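Any chance you could fold what I've pasted below:
(2 chains)
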Amino acid sequence: MSADPRDAAVPTTAGRVGGIDRPLELVLAGLAQDEDELLGDLAEGRAEVASAQGGRAARHWWRRQALRAVPRLVWHDLTHLPTTVLLGLGGFVLWAWVASAVYTAQWFPVVQQVYPVVPPTSRIIQDTALVGVWNLLVAAVVGATIAALARRARLAPVAVAAALMALISSGHAFYIVYGPGTCTSTVDEYGCSLELGAWSKDVVVPVLWQLPTMMVLLPLATGLGGLAVVAWSRRRARASGRIPAGPAQA
Amino acid sequence: MRTPGSLELDVLVAVAQHDGSAYGLLVRRAVSTARGSELSVGATYTTLSRLEAKGLLSSRSTEPLPVRGGRSRREYRLTAAGREVLAAERERAGRRWGGSPQWGQA
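Residues are numbered from 1 along each chain as shown, chains lettered A, B, ... in the order given. Predicted coordinates:
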């Protein structure tokens, strides 16, 4: 009986797969246009290093090569897959639209977006958390959607959308914590215009907390949504025998 | 077509040396030796892919191999356009260095 190479045992000298290796392999699979070529080269190189220098050196070699490959792959996909940027931009617009359109929906809890006076801190935290969780949820769904729509290098458009979200979060994370501004009334209408209220000690902490947090969490949520689709598509490919049954440990 | 950069030329030369059986790791090793500095797996992969998109290389996938954890190899060979680029580059280098003195030789 001839052994199927897909089921072949990988040299044990390559060392065990560490905690970071699996997600990193998933990221590479999501960015490479030919997963077999890239991950196969990494696996073969790891086995070579393992037989020459041992499992620990092989593990370090694999991680170093994988981490160095990520930005190159993103840039390569951006410059060689024209749909990548379009899909990423589309995802960002979709996120901005869904995340903001919902505030007028009947089913969404009322969030006070305009404060004539500084509200209690508990109210700020409550609204902040509500909007934040909603934004993150939408970001994850958008990440999954654009990854599902991309035919190759599924994570590349996700990276574009995530980068735009991080960018906009740096200056406009949560308008909900904008501080007190001025209220004006005319014959026809009454309205308040607000500015970033970081001068008030009541909102300094939420503002300081939100900006860096959302700059990190929004891209992370988008990326996790995209990774979920990559993992799902790989599971399907594995079931149909198009990629090896087990994780590449070599 | 734009003239290939120095890394792309080195990769083309490495593929030419193993024409038909050149694949990522082999090319990486050859280019690293030629340049005297280690080329990353990612850089090799993206350069090969770019050269194929430019029509200078063609490729085919092998059967899955145990040494690669059950994954296949992508083997590259030069296209006619790739051979022309290498020939033109060799001629250009010959013109540039042909008449120059042998510096550093006793």
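
what ranges do the helices span in chain A?
Shown for chain A, the helices assigned by DSSP state H span residues A:21-31, A:35-53, A:55-80, A:82-101, A:121-149, A:155-172, A:201-239.

I'd like the ones you listed as a markdown table, with distance to residue B:54 and mean pLDDT appended.
No exception for glycine: its C-beta is placed from N, CA and C like everyone else's. Below are the helices of chain A laid out as a markdown table (distance: least, CB to CB, whole Å; pLDDT from 0 to 100):
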| stretch | distance to residue B:54 | mean pLDDT |
| --- | --- | --- |
| helix A:21-31 | 21 | 93 |
| helix A:35-53 | 17 | 92 |
| helix A:55-80 | 10 | 93 |
| helix A:82-101 | 16 | 90 |
| helix A:121-149 | 27 | 84 |
| helix A:155-172 | 20 | 86 |
| helix A:201-239 | 28 | 79 |
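
Would you reformat those as TSV and include mean neighbour count and distance to chain B?
Below are these laid out as TSV (neighbours: other CB atoms under 10 Å in any protein chain shown; distance: least, CB to the nearest CB, whole Å):
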stretch	mean neighbour count	distance to chain B
helix A:21-31	20	9
helix A:35-53	23	3
helix A:55-80	18	3
helix A:82-101	18	12
helix A:121-149	19	20
helix A:155-172	22	12
helix A:201-239	18	11
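
Quick one, which of those helices gets closest to residue B:43.
Distance to residue B:43, taken as CB to CB, is lowest for helix A:55-80 among the helices of chain A, at 6.1 Å.

coming back round to it: put together JSON lines for the helices of chain A, with distance to residue B:50 on each row.
Below are the helices of chain A laid out as JSON lines (distance: least, CB to CB, whole Å):
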{"stretch": "helix A:21-31", "distance to residue B:50": "15"}
{"stretch": "helix A:35-53", "distance to residue B:50": "13"}
{"stretch": "helix A:55-80", "distance to residue B:50": "7"}
{"stretch": "helix A:82-101", "distance to residue B:50": "15"}
{"stretch": "helix A:121-149", "distance to residue B:50": "24"}
{"stretch": "helix A:155-172", "distance to residue B:50": "15"}
{"stretch": "helix A:201-239", "distance to residue B:50": "23"}
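
Nearest to residue B:16, out of those helices?
helix A:35-53 (19.4 Å).

Point out the other elements, helices or strands, that that closest one touches.
helix A:21-31, helix A:55-80, helix B:24-35, helix B:41-53 (3 or more CB pairs under 8 Å, 6 or more residues apart in numbering or on different chains; DSSP states H and E).

Which residues are in contact with the residue of chain B found nearest chain A?
Nearest to chain A, among the residues of chain B, is residue B:42, at 2.8 Å (CB to the nearest CB). Counting by CB atoms under 8 Å, 6 or more residues apart in numbering or on different chains, residue B:42 makes contact with A:38, A:65, A:68-70, A:72-73.

Try it again at 10 Å.
Shown in contact with residue B:42 (CB atoms under 10 Å, 6 or more residues apart in numbering or on different chains): A:28, A:31-32, A:38, A:41-42, A:65-73, A:76, B:24, B:28.

Counting neighbours, which bits of stretch B:33-49 end up buried?
B:39-49 (16 or more other CB atoms under 10 Å in any protein chain shown).

Reformat those residues as TSV; add pLDDT and distance to residue B:84.
Putting the buried residues of stretch B:33-49 into TSV (pLDDT from 0 to 100; distance: CB to CB, whole Å) gives the following:
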residue	pLDDT	distance to residue B:84
B:39	93	24
B:40	94	29
B:41	94	28
B:42	94	28
B:43	95	24
B:44	95	23
B:45	95	24
B:46	95	23
B:47	95	19
B:48	95	18
B:49	94	20
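
so which of the residues you listed comes closest to residue A:59?
Nearest to residue A:59 among the buried residues of stretch B:33-49, with distances taken as CB to CB, is residue B:41, at 14.8 Å.

wait, that closest one sits on residue A:61?
Yes: counting by CB atoms under 10 Å, residue B:41 does reach residue A:61; the two are 9.5 Å apart.

what do the two both touch?
Joint contacts of residue B:41 and residue A:61 (CB under 10 Å, 6+ apart) are A:42, A:45-46.

can those residues go into a markdown table with extra columns for distance to residue A:108?
Formatted as a markdown table, those follow (distance: CB to CB, whole Å):
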| residue | distance to residue A:108 |
| --- | --- |
| A:42 | 45 |
| A:45 | 51 |
| A:46 | 49 |
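
what residues does chain B put near chain A?
B:23-29, B:38, B:40-50, B:53, B:59, B:61-75 (CB under 10 Å from any CB of the partner chain).

what's the angle between the helix ranked longest in chain B and helix B:41-53?
Identified as the longest helix of chain B according to DSSP H is helix B:80-98. Inter-element angle recorded for helix B:80-98 and helix B:41-53: 110 degrees (by axes from the mean of the first three to the mean of the last three CA atoms, to 10 degrees).

out of the shared contacts of residue B:41 and residue A:61, who's nearest residue B:103?
Among the shared contacts of residue B:41 and residue A:61, and counting by CB to CB, the member closest to residue B:103 is residue A:45, at 37.8 Å.

I'd assumed residue A:58 was in contact with the closest one.
Yes: the pair residue A:45 and residue A:58 passes the contact test of CB under 10 Å, sitting 8.5 Å apart.

quick one on the thing from earlier: out of the helices and strands packed on helix A:35-53, which comes closest to residue A:236?
Across the helices and strands packed on helix A:35-53, closest to residue A:236 is helix A:21-31 (CB to CB), at 12.8 Å.

my guess is residue B:37 contacts residue B:31, does it?
Yes: if you go by CB under 10 Å, residue B:37 and residue B:31 touch, sitting 9.4 Å apart.
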